[in-house]
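> okay, structure incoming, though there's no sequence with it:
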Ligand code: FAD
């Protein structure tokens with residue numbers, strides 16, 4: 001079922017989660033162990049992230065360095081199929097531009113269609129660690145906008161081979177990302193919103209936001225979107241801060257702020273256990289305010305910490 005249909009049918013705020021594929025070589029059981037404790041809250045959907053290859057340098061005999069491509073977390077599509085099969089819940093694979101030619105994207109989308117996957121989150125993807133900026137694959141897409149356009153084309157039965165006859169249309173509901181605190185590369189919010197609107201005009205039907213710890217940033221962002229004629233559902237993304245390290249790593253990696261009142265609470269904590277308790281408490285307050293504002297869904301970036309997500313969900317749903 002399309003997520004937009006689910007969202008419009010529900011009168012109350014829904015619950016959803018994002019999970020990461022396990023590290024290569026680990027069992028899928030770790031995924032089930034993360035989802036099982038959250039099934040009681042009836043997730044409307046489970047997002048599965050996509051991780052492209054990275055390059056590492058391996059020292060070989062004679063001291064020379066060999067550049068080797070590795071994928072640390074493969075398995076997005078297989079995990080989506082397994083989740084749908086095991087839990088009968090919508091699984092949403094993340095599809096990225098990075099590392100894909102347009103043909104490879106087309107073939108990946110055909111696989112998803114055959115598996116009965118109705119929803120995809122279309123993203124550009126980040127640059128690989130060894131490159132200072134995002135570089136598209138030769139023959140690939142530079143922006144999520146181009147990926148959205150390709151999926152929309154396929155939804156209209158237009159494949160890359162335009163001589164193809166009687167092609168069946170795909171039927172994907174397309175989600176996209178947005179940033180209440182601005183995407184870090186965008187020169188300003190106006191420019192970021194311009195391209196966000198372009199993605200919606202190109203066929204994106206819902207938005208999932210980057211994590212934020214200050215609800216006012218989300219509310220202001222939604223207002224700005226509506227003023228700019230971006231009228232699709234905007235699902236807030238939430239992360240439960242659960243360790244001392246994250247106080248500095250989350251702002252650095254995701255380009256978001258920790259609001260001062262929350263930071264003051266975190267500063268009082270003596271260890272990771274107390275930080276996690278403060279993170280859960282803060283997130284519960286965020287969620288209660290968001291539910292009051294009638295947001296369509298609360299989307300949790302579980303990042304392997306389903307116990308914290310469970311603690312929050314128990315208080316909110
Ligand atoms: P885009 O929409 O392409 O935007 C990127 C930047 O370019 C922005 O600054 C935008 O303003 C600008 N821009 C957009 N279009 C144009 C244009 N036509 N011309 C000029 N400028 C333009 N990464 C992964 O690798 N795997 C994942 O699974 C993953 N999941 C994510 C899930 C969510 C909910 C979010 C918020 C992010 C996720 N990311 C993931 C990270 C994401 O890929 C990065 O944040 C990436 O840097 C931007 O992706 P985007 O789709 O927003 O890009």
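Thanks, I have the structure now. Keep in mind that what you see is a predicted model, and the values were worked out from it rather than measured.

> which parts of stretch 252-268 are buried?
Buried residues in stretch 252-268, defined by neighbour count with 16 or more other CB atoms under 10 Å: 254, 256, 258-259, 262, 265-266. Where you see a C-beta, it was placed from the backbone N, CA and C, and this is true even at glycine.

> buried stuff in the lengthiest helix in the chain?
The longest helix of the chain (DSSP state H) is helix 272-292. Neighbour-count burial for helix 272-292, counted by 16+ other CB under 10 Å, picks out 275-276, 278-284, 286-287, 290.

> out of the residues you listed, the closest to residue 197 would be?
residue 290 (23.3 Å; CB to CB).

> so what's that closest one up against?
13, 215, 218, 236, 298 (CB atoms under 8 Å, 6 or more residues apart in numbering).

> of those, closest to residue 105?
The closest of the contacts of residue 290, once distances to residue 105 are taken by CB to CB, is residue 236, at 28.0 Å.

> for that closest one, helix, strand, or coil?
Of the three states, residue 236 takes strand under DSSP: H, G, I helix; E, B strand; the rest coil.

> any idea how far residue 264 is from residue 278?
10 Å (CB to CB, to the nearest Å).

> let me fix that, I meant to ask about residue 62.
Computed as CB to CB, the residue 62 to residue 278 distance reads 53 Å.

> what does the stretch 201-317 of the chain have sitting close to the ligand?
Counting by CB under 6 Å from any ligand atom, the stretch 201-317 of the chain comes close to the ligand at 208, 210, 237.

> what's the worst-scoring helix or strand of the chain on mean pLDDT packed up against?
Lowest on mean pLDDT, DSSP states H and E among the helices and strands of the chain sits strand 54-59, with a mean of 82. Other helices and strands packing on strand 54-59, by 3 or more CB pairs under 8 Å, 6 or more residues apart in numbering; DSSP states H and E, are strand 65-70.

> strands paired with the strand it packs on, and their directions?
Within its sheet, and counting by DSSP bridges, strand 65-70 is paired with strand 54-59 (antiparallel).

> which parts of the partner strand are buried?
Buried residues in strand 54-59, counting neighbours by 16+ other CB under 10 Å, are absent.

> touching the ligand at all, that strand?
No. Using CB under 6 Å from any ligand atom, strand 54-59 stays clear of the ligand, coming no nearer than 10.8 Å.

> what angle sits between the longest helix of the chain and strand 234-238?
170 degrees (axes from the mean of the first three to the mean of the last three CA atoms, to 10 degrees).

> helix 272-292: what's the following helix or strand?
Next helix or strand after helix 272-292 toward the C-terminus (DSSP states H and E): strand 297-301.

> that following strand packs against which elements?
Secondary-structure packing of strand 297-301 (3+ CB pairs under 8 Å, 6+ apart): strand 14-19, strand 234-238, helix 272-292, helix 306-316.

> how about a cut-off of 7 Å?
Helices and strands touching strand 297-301, by 3 or more CB pairs under 7 Å, 6 or more residues apart in numbering; DSSP states H and E, are strand 14-19, strand 234-238.
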